[in-house]
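Student: test case, fold it:
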Amino acid sequence: MPVFIAMIMILVILPLAFFFVLLAGEAGTSARGRRTVDRPDEPYPPAPPPLDPAEQELRMRYARGEIDREEFLQRRIDLER
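Tutor: Residues are numbered from 1 along each chain as shown. Model (predicted):
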């Protein structure tokens, strides 16, 4: 009989403990799934700056195969000056 009571207690206590641990874990996350407890006001990282139109055109020409790698690298260096 004591074994039966112990088994019933385990079957009741373990799911309850799991449920409370699950609830405690969900309480610390926001809607985006990110923890807000550690860094509540941390913004998203800034977006990279847009490419210069000349550099965009250079990359497109390189991607299309109109210029080779050496010409691409040389023109990119020239644009940075």
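Student: which SSE is residue 67 in?
Tutor: Assigned by DSSP states H and E, residue 67 falls within no helix or strand.
Student: ok, it touching residue 76?
Tutor: No. Assessed by Cβ atoms under 8 Å, residue 67 is found out of contact with residue 76, at 10.6 Å. Heads up, the C-betas are built off the backbone N, CA and C, glycines and all.
Student: overlap of the contact sets of these two?
Tutor: Counting by Cβ atoms under 8 Å, 6 or more residues apart in numbering, the shared contacts of residue 67 and residue 76 are residue 58.
Student: and the helix or strand hosting residue 25, what's its mean pLDDT?
Tutor: Assigned by DSSP H and E, residue 25 belongs to helix 2-27. Averaging pLDDT along helix 2-27 yields 82.
Student: tell me which helix or strand comes right after that helix.
Tutor: Next element after helix 2-27 (DSSP H and E): helix 53-64.
Student: quick one: buried residues of the helix or strand harbouring residue 71?
Tutor: Per DSSP H and E: residue 71 is located in helix 69-80. Going by neighbour count (16 or more other Cβ atoms under 10 Å), the buried part of helix 69-80 is 72, 75.
Student: swap in stretch 16-28?
Tutor: Within stretch 16-28, no residue counts as buried by 16+ other Cβ under 10 Å.
Student: tell me the gap between it and the middle of its chain.
Tutor: 23 Å (Cα atoms, centre = their mean, to the nearest Å).
Student: next one: stretch 56-74
Tutor: For stretch 56-74, the separation from the chain centroid amounts to 31 Å (computed by Cα atoms, centre = their mean).
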